[in-house]
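Chemist: Just to be clear, the model below is a prediction. Sequence and coordinates:
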Amino acid sequence: VKIEEQSTRILKADETEQSRNPIDAERFLQTQLDVIRSRSVAMAVARDQHLFGNTQFLKAMRAPLTLKPSNILTPRQAQEEQVLAILHDNMSVSLPPDSRIATISFRSPDPRLAARIADSFAESYIRTDLQRRYDASAYARQFIAGQLADAKQQLERSERAAIDYSSSQRL
């Protein structure tokens, strides 16, 4: 997965030297790797691949099919936590120091399952990133629309003041 470090700038003045700081770039890349490893991305993978309630997946991963009873979790919640733990424990992501191409891997006794799950992590991350960018551009549109509405009101007030002045001065 290629990790892009473009942030949405609402105004040209938002670009600062700080955004080009190598420490900030490294922090951004680490954050993106953490997003790939996140519980929300794992949940999306589990849903997309229909892993919740999927005994074939548990068998393929050599996981126990029955879990100890829990006073805190329902059996369904416990099984979902088991799937998420399997995804978390068997997925890895790495980023070479001289590249922005992250490698996502998944360990499984079944190589086809491993490839499918790794691909699903990449797709889920890409969807998450696109949604984040869409949300940022939606915010930018709302911000600009608000600024435009404010400017329009100021212009109308100025025009009224100019008309009032010209009337009072008989211009």
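Modeler: Looks like it arrived, so ask away. Numbers count the residues shown, from 1 in each chain.
Chemist: So for the residue most central in space within the chain, what's the pLDDT?
Modeler: What sits nearest the mean C-alpha location of the chain, by Cα atoms, centre = their mean, is T128, with 3.6 Å. Note on T128: pLDDT of 90.
Chemist: I'd like the distance between it and L29.
Modeler: 16 Å (Cβ to Cβ, to the nearest Å). Quick note: C-beta positions are derived from backbone N, CA and C, even for glycine.
Chemist: I144 now?
Modeler: Counting by Cβ to Cβ, the gap from I144 to L29 is 29 Å.
Chemist: Who has more neighbours out of those two?
Modeler: Ranked by neighbour count (other Cβ atoms under 10 Å), I144 and L29 place L29 first, with 16 against 12.
Chemist: wait, isn't that one in contact with V1?
Modeler: No. L29 sits out of contact with V1 when judged by Cβ atoms under 8 Å, with a separation of 11.7 Å.
Chemist: In terms of secondary structure, what does the helix or strand containing Q153 contact?
Modeler: Counting by DSSP states H and E, the element that carries Q153 is helix 111-168. In terms of contacts (3 or more Cβ pairs under 8 Å, 6 or more residues apart in numbering; DSSP states H and E), helix 111-168 is packed against helix 22-36, helix 39-48, strand 91-94, strand 103-106.
Chemist: Off-centre distance for it?
Modeler: Its chain's C-alpha centre and that of helix 111-168 lie 17 Å apart, by Cα atoms, centre = their mean, to the nearest Å.
Chemist: Thanks a lot, catch you later.
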